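**Student:** coordinates for the following, if possible.
(one chain, ligands or ions: 1)
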Amino acid sequence: MAKIELVGLGHKYPGNADYSLQPQTMTWQDGGAYALLGPSGCGKTTLLNIISGLLIPSEGQVLFDGCDVTRLPTEQRNIAQVFQFPVIYDTMTVFDNLAFPLRNRKLREPEVKSRVQEIAEILDLTGDLKRRAAGLSAEEKQIISLGRGLVRKDVAAVLFDEPLTVIDPHVKWLLRRQLKRIHQQLKLSLIYVTHDQIEALTFADQVVVMYEGQVVQMGTPQDLFETPAHTFVGHFIGSPGMNLLPCQLEGQSIRLGTQTLPIDSALAGKLASIGQPLTLGIRPEFIQLAEDGPTLDAEVLRLEDLGTVKLLTAQLAGQTIKIKLGEHASVNSDRVRLGFTPARTMFYADGRRVA
Ligand SMILES: Nc1ncnc2c1ncn2[C@@H]1O[C@H](COP(=O)(O)OP(=O)(O)OP(=O)(O)O)[C@@H](O)[C@H]1O
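**Tutor:** Residues are numbered from 1 along each chain as shown. Now for the predicted structure:
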């Protein structure tokens with residue numbers, strides 16, 4: 001396993017004026033389970049291909065444990081890859097498919113056997129080891145592809161590119177949990193590309209969120225939920241995402257339309273130094289119906305019962321705002337007073353969190 005460093009790494013495809021990957025520097029720790037998450041076109045595949053060696057970046061370097069591998073071909077990087085669709089040998093048995101990467105590295109047969117058995121057990125393939133791969137479904141073949149990716153202990157990293165695309169939703173859920181267990185047991189460095197936030201949040205210790213060619217936040221699922229570093233993270237993570245409301249600083253208060261919300265003097269001082277248009281960000285989970293204390297008045301648009309929670313949609317300062325309430329909450333008027341939890345109220349300027 002290796003520590004992976006990206007140093008001033010950026011990429012422009014030939015003929016493109018703009019960066020598909022904005023120049024950036026970051027470190028991916030040895031043994032970490034990382035998910036690379038972002039919408040279509042944000043640059044995930046470009047970054048993964050640079051790490052795997054399929055693409056040479058137009059600038060910057062990739063280091064594996066301090067060694068510059070930027071221009072090394074994939075075969076010389078000592079990585080394993082799992083793609084969207086199965087890559088296995090139909091004529092071989094499941095055992096031989098799993099053993100292939102180990103035999104290729106000239107491991108001794110007793111070691112091959114014990115490692116294949118270990119992986120087969122985790123992926124629930126023990127009963128299938130003697131079967132020929134040709135007779136298996138696409139889903140079963142993809143599980144073997146996962147096993148082939150995970151079977152070597154000596155790889156710098158295992159890279160997954162949307163590996164569960166062909167898998168049925170129920171099995172997907174089980175596999176995500178198994179992958180997490182494999183990571184805990186085997187301590188492999190895993191990088192998992194996905195555009196699905198549930199997949200990223202259940203699999204990874206660290207989620208790397210990409211937006212318009214930039215990593216806008218690398219953090220635990222809890223960090224992304226509680227302190228989004230960018231409005232995109234606030235909006236993209238969570239269901240529904242963070243409420244984002246344009247606002248102005250006015251002395252010791254925040255102005256939202258015709259209403260004001262008092263803030264403490266340290267925060268006011270910090271925001272005064274920003275000198276740019278501000279956006280207040282608050283998750284639907286951190287707004288309450290309030291009777292006293294600082295509140296904001298909002299017009300009720302609708303209240304939906306989602307089973308374990310109720311979702312209130314309201315209008316505040318010309319903006320639609322979402323509030324998650326308890327399952328027994330009721331709203332008996334067309335106006336409500338809302339309290340914002342101060343510690344969960346974030347401020348952004350030009351997309352970035354400033355307080
Ligand atoms: N070979 C290429 N030549 C020119 N531009 C490219 C090439 N490959 C990707 N791009 C552009 O680079 C940007 C990032 O693409 P990339 O495929 O890395 O995004 P992605 O996040 O992986 O998207 P998806 O989830 O759809 O695969 C996009 O604007 C895309 O159009």
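
**Student:** what's the burial count for residue 337?
**Tutor:** 16 (other CB atoms under 10 Å). To be clear about C-beta, it is placed using only N, CA and C from the backbone, and glycine gets the same treatment.

**Student:** can I assume it sits in a strand?
**Tutor:** Yes - judged by DSSP: H, G, I helix; E, B strand; the rest coil, residue 337 forms part of a strand.

**Student:** check the contact between it and residue 288; I expect there is one.
**Tutor:** No - between residue 337 and residue 288 there is no contact under CB atoms under 8 Å: 9.6 Å.

**Student:** quick check: longest strand of this protein.
**Tutor:** strand 296-305 (DSSP state E).

**Student:** average model confidence for that one?
**Tutor:** Averaged over strand 296-305, pLDDT sits at 97.

**Student:** what are the buried residues along it?
**Tutor:** Neighbour counts over strand 296-305 (16 or more other CB atoms under 10 Å) mark 296, 298, 300, 303 as buried.

**Student:** can you pull the contacts of the first one?
**Tutor:** Counting by CB atoms under 8 Å, 6 or more residues apart in numbering, residue 296 touches 256, 259, 261, 316, 337, 338, 340.

**Student:** what's the spacing between it and residue 326?
**Tutor:** 20 Å (CB to CB, to the nearest Å).

**Student:** got it, and the last one?
**Tutor:** Here the distance between residue 303 and residue 326 works out to 12 Å (CB to CB).

**Student:** anything in contact with each of these two?
**Tutor:** residue 310.

**Student:** counting neighbours, what do you get for residue 116?
**Tutor:** By other CB under 10 Å, the burial measure for residue 116, its neighbour count, is 24.

**Student:** ok now the worst-scoring helix or strand of the chain on mean pLDDT, how far from the chain's centre?
**Tutor:** When the helices and strands of the chain are scored by mean pLDDT, DSSP states H and E, helix 169-186 comes last with a mean of 84. Relative to the centre of its chain, helix 169-186 is centred 16 Å away, using CA atoms, centre = their mean, to the nearest Å.

**Student:** with stretch 222-238 instead?
**Tutor:** Taking CA atoms, centre = their mean, the mean C-alpha location of stretch 222-238 is offset from the chain mean by 10 Å.

**Student:** contact partners of it?
**Tutor:** Here stretch 222-238 has contacts from 38-39, 197, 201, 207, 209, 211, 216-217, 219, 241-242, 244, 279, 281, 283-284, 344, 346, 348, 351-353, using CB under 8 Å, 6+ apart.

**Student:** what do you get for stretch 72-81?
**Tutor:** Contacts for stretch 72-81 (CB under 8 Å, 6+ apart): 51-54, 64, 69, 101, 148-152, 154-161.

**Student:** report the separation between the residue in the stretch 101-250 of the chain that the ligand sits nearest to and residue 317.
**Tutor:** Here the stretch 101-250 of the chain gets closest to the ligand at one residue, residue 195, 5.3 Å apart by CB to the nearest ligand atom. Counting by CB to CB, the gap from residue 195 to residue 317 is 32 Å.

**Student:** near the ligand, which residues of the stretch 1-150 of the chain are found?
**Tutor:** Residues of the stretch 1-150 of the chain lying close to the ligand by CB under 6 Å from any ligand atom are 13, 16, 20, 38, 40, 41, 42, 43, 44, 45, 46.

**Student:** try 5 Å this time
**Tutor:** 13, 20, 40, 41, 42, 43, 44, 45, 46 (CB under 5 Å from any ligand atom).

**Student:** could I get the buried residue list for the host helix or strand of the last one?
**Tutor:** Using DSSP states H and E, the secondary-structure element containing residue 46 is helix 44-52. Along helix 44-52, the positions that meet the burial threshold by neighbour count (16+ other CB under 10 Å) are 44, 45, 46, 47, 48, 49, 50, 51, 52.

**Student:** which element follows that helix toward the C-terminus?
**Tutor:** strand 59-64.

**Student:** check which helices and strands that following strand sits against.
**Tutor:** The contact analysis (3 or more CB pairs under 8 Å, 6 or more residues apart in numbering; DSSP states H and E) places strand 59-64 against strand 4-11, strand 21-28.

**Student:** residue 174 is nearest to which of these?
**Tutor:** strand 21-28 (26.5 Å; CB to CB).

**Student:** tell me how far that closest one is from the chain's mean position?
**Tutor:** The answer for strand 21-28 is 16 Å, by CA atoms, centre = their mean.

**Student:** can you list contacts of the helix or strand just after it?
**Tutor:** With elements assigned by DSSP H and E, the helix or strand that comes after strand 21-28 is strand 33-37. Applying CB under 8 Å, 6+ apart, the contact partners of strand 33-37 are 28, 44, 47-48, 180, 183, 189-197, 199-201, 203-210.

**Student:** surely residue 285 meets residue 322?
**Tutor:** No - taking contacts as CB under 8 Å, residue 285 lies outside contact range of residue 322: 9.8 Å.

**Student:** contacting residues around the nearest residue in space to residue 210 that is not next to it in sequence?
**Tutor:** Closest residue to residue 210 apart from its sequence neighbours, by CB to CB, 6 or more residues apart in numbering: residue 38 at 3.5 Å. Contacts for residue 38 were tallied using CB under 8 Å, 6+ apart; they are 44, 195, 209, 210, 211, 236.
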